[in-house]
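# Take a look and give me a structure for this.
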Amino acid sequence: MGMLIKSNVDKLLESKGWTLYRLSKESKVSMTVIYNLGSREHGPTAETLIKIADALGVKVDALLR
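A predicted model of the protein is given here:
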């Protein structure tokens, strides 16, 4: 699941022309958490997914499919 989320976030970032740093600032999620989106051990919480989705202007579902 983690790699799917990371892949979807990367696609959304590319489409918006955003960097990981900008996503971190817009979502108020630390860079460490952003870097660990694809990690099995340190995957994102539901709260983190909501913050990231809100910052990107999408529903959480868009990060999971």
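
# By residue count, which helix of the protein is the longest?
Longest helix of the chain, by residue count under DSSP state H: helix 2-16.

# Name the surrounding residues that touch that helix.
19-20, 23, 37-40, 43-44, 49, 52, 56, 58, 62-65 (Cβ atoms under 8 Å, 6 or more residues apart in numbering). All C-beta atoms are positioned from the backbone trio N, CA, C, and that covers glycine.

# From these, list the buried ones, please.
Neighbour counting with 16 or more other Cβ atoms under 10 Å marks Leu23, Leu37, Gly38, Gly43, Pro44, Leu49, Ile52, Leu56, Leu63 as buried within the contacts of helix 2-16.

# where's the dip in pLDDT among those residues?
Lowest in pLDDT among those is Gly43, which has 77.

# Next, the contact list for that one, please.
Here Gly43 is in contact with Met1, Gly2, Ile5, Asn36, Leu37 (Cβ under 8 Å, 6+ apart).

# at 6 Å instead, please
Gly43 makes contacts with Gly2, as judged by Cβ atoms under 6 Å, 6 or more residues apart in numbering.

# Same check on the one 3 residues further on?
When contacts are counted by Cβ under 6 Å, 6+ apart, Ala46 touches no other residue.

# related to what we said a few turns ago, for the buried ones among the contacts of helix 2-16, could you give me TSV that also reports secondary structure and distance to Val9?
Formatted as TSV, these follow (DSSP: H, G, I helix; E, B strand; the rest coil; distance: Cβ to Cβ, whole Å):
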residue	secondary structure	distance to Val9
Leu23	helix	7
Leu37	coil	6
Gly38	coil	9
Gly43	coil	12
Pro44	coil	9
Leu49	helix	10
Ile52	helix	7
Leu56	helix	8
Leu63	helix	6
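
# could these go into JSON lines alongside distance to Ser30?
Formatted as JSON lines, the buried ones among the contacts of helix 2-16 follow (distance: Cβ to Cβ, whole Å):
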{"residue": "Leu23", "distance to Ser30": "11"}
{"residue": "Leu37", "distance to Ser30": "12"}
{"residue": "Gly38", "distance to Ser30": "15"}
{"residue": "Gly43", "distance to Ser30": "14"}
{"residue": "Pro44", "distance to Ser30": "11"}
{"residue": "Leu49", "distance to Ser30": "14"}
{"residue": "Ile52", "distance to Ser30": "12"}
{"residue": "Leu56", "distance to Ser30": "17"}
{"residue": "Leu63", "distance to Ser30": "17"}
